[in-house]
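Participant: Here is a sequence together with a model predicted from it:
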Amino acid sequence: MNLLGNILGEVCKTIFPITEEVYLGNPKSSISICTLSSISLLKNIANSDLMNEINLAGRLLSENKGIDSIIRYVNSNQNIRTLIVCGKEVSGHKSGKSLLDLYRNGIHNDGRIINSTSPDPTLTVTQNEVEKFRSKVRIINKIGVTNLEEITKVVKSIKN
């Protein structure tokens, strides 16, 4: 299944090229935002004053490589302590739910996210990296919220 998934992933990249999009904000901020599949929300955040209040804004489309990237980035950035997960869930992949499952439950010895119902929730990060992430960051679940003003209120409530 992994080989087939990798092949299909490469085909999708060719047919539907999606660039990696991460927008850097205030490097001293402890807050980051993940907009899941809501590209317009990500663009709205990137073009707003909210970027002065947050460390970065990005998206999450996959329940494996994408979550690996988030864990590695958060673990390597000493300032990030809060991750707001918002926007529309990724159909089929349910990457937001898998990120929450990882946060709540961790991974099995084979790297599979415990209790995830995504098609391929298998990570390449180590158990230690996952535990560091889980103990370091607080995740605020706002999956489904696509309104910039609502996200701004959440950020302001954290800062106050």
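Facilitator: Structure's in. What do you need?

Participant: use CA for all of it now, contacts and neighbours both
Facilitator: Fine.

Participant: So which bits of stretch 25-38 are buried?
Facilitator: Neighbour counts over stretch 25-38 (16 or more other C-alpha atoms under 10 Å) mark 25, 27, 29, 30, 31, 32, 33, 34, 35, 36, 37, 38 as buried.

Participant: following the worst-scoring helix or strand of the chain on mean pLDDT, which helix or strand shows up next?
Facilitator: The weakest-scoring helix or strand in the chain, judged by mean pLDDT, DSSP states H and E, is helix 2-15 (a mean of 48). Scanning forward in sequence from helix 2-15 by DSSP states H and E, the next helix or strand is strand 22-24.

Participant: what's next to that following strand, contact-wise?
Facilitator: Strand 22-24 is contacted from outside by 46, 51, 55, 56, 57, 58, 59, using C-alpha atoms under 8 Å, 6 or more residues apart in numbering.

Participant: Stretch 92-107 too?
Facilitator: 36, 60-63, 67, 85, 89-90, 113-119, 121, 127, 130-131, 134, 139, 141, 143.

Participant: Enumerate the positions of that stretch that are buried.
Facilitator: Neighbour counts over stretch 92-107 (16+ other C-alpha under 10 Å) mark 93-103, 106-107 as buried.

Participant: Mind exporting the C-alpha coordinates of it to PDB?
Facilitator: Extracted in PDB, the C-alpha atoms of stretch 92-107 (Å, rounded to 0.1, in the frame of the first residue of the first chain):
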ATOM      1  CA  GLY A  92     -10.200  11.500   2.700                       C
ATOM      2  CA  HIS A  93      -6.900  12.100   4.600                       C
ATOM      3  CA  LYS A  94      -8.400  13.600   7.700                       C
ATOM      4  CA  SER A  95      -4.900  15.100   8.500                       C
ATOM      5  CA  GLY A  96      -6.300  17.400  11.200                       C
ATOM      6  CA  LYS A  97      -7.900  14.600  13.100                       C
ATOM      7  CA  SER A  98      -4.700  12.500  12.800                       C
ATOM      8  CA  LEU A  99      -2.700  15.400  14.200                       C
ATOM      9  CA  LEU A 100      -5.100  15.600  17.200                       C
ATOM     10  CA  ASP A 101      -4.900  11.800  17.500                       C
ATOM     11  CA  LEU A 102      -1.100  12.000  17.600                       C
ATOM     12  CA  TYR A 103      -1.300  14.700  20.200                       C
ATOM     13  CA  ARG A 104      -3.700  12.700  22.400                       C
ATOM     14  CA  ASN A 105      -2.300   9.200  21.900                       C
ATOM     15  CA  GLY A 106       1.200   9.200  20.400                       C
ATOM     16  CA  ILE A 107       2.400   6.500  17.900                       C
END
